[in-house]
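A.B. asks: got a predicted structure plus its sequence, pasted below:
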Amino acid sequence: QAQLVESGGGLVQPGGSLRLSCIGSGVTLNYYAIGWFRQAPGNEREGVLCISSNDGSTYYMDSVKGRFSISADNARNTVYLQMNSLKPEDTAEYFCVAVRPVCGGVTDYWGLGTQVTVSS
């Protein structure tokens, strides 16, 4: 069964860092634009950032610019979300998605999510 699998979430103190991974199982990630969404309890799901495979262009939500970055390792079929200077408001379930043909397009796959908690 083709799926996306996230990992790397956990509990971190404010100001700390985490790196989330999104691995494609039966899904070749560089055929898609890969995005990260997050959803906190009681909040709507929001797009955090996205990377397009065709030209490597990236899109960031304003609140994470300068703190989060996205990168791809095609040899490992993995996309990473590096999160630095984490804030309590970054606490959420984080999901990766495979989108075609570009960021903002049709979502073909959703991961199951990984929890990120930023707290002292």
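C.D. replies: Looks like it arrived, so ask away.

A.B. asks: so the residue nearest the centre of the chain is in which element?
C.D. replies: Centroid-nearest residue in the chain, with CA atoms, centre = their mean: Trp36, separated by 2.9 Å. Taking DSSP states H and E as the definition, one finds Trp36 inside strand 33-39.

A.B. asks: just name the shakiest helix or strand of this structure by mean pLDDT.
C.D. replies: Among the helices and strands of the chain, strand 58-60 carries the lowest confidence by mean pLDDT, DSSP states H and E, at a mean of 86.

A.B. asks: how close does the residue lying closest to Gly35 once chain neighbours are set aside sit to Pro88?
C.D. replies: Spatially, and ignoring its direct neighbours in sequence, Gly35 is nearest to Cys50 (3.6 Å; CB to CB, 6 or more residues apart in numbering). Bear in mind the C-beta positions are built from the backbone N, C-alpha and C, glycine included. Here Cys50 is placed at a distance of 24 Å from Pro88 (CB to CB, to the nearest Å).

A.B. asks: which of the two has more residues huddled nearby?
C.D. replies: Between Cys50 and Pro88, counted using other CB atoms under 10 Å, Cys50 has the larger neighbour count: 24 against 11.

A.B. asks: which residues touch that one?
C.D. replies: Residues in contact with Cys50 (CB atoms under 8 Å, 6 or more residues apart in numbering) are 33-36, 58-59, 70, 99, 103-104.

A.B. asks: who does it form a beta bridge with?
C.D. replies: With DSSP bridges applied, Cys50 shows beta-bridge pairing to Gly35, Tyr59.

A.B. asks: list the contacts of stretch 5-12.
C.D. replies: 18-23, 25, 81, 86, 94-96, 111-119.

A.B. asks: got the end-to-end distance for stretch 45-61?
C.D. replies: Terminal residues of stretch 45-61 are spaced 12 Å apart (CA to CA, to the nearest Å).
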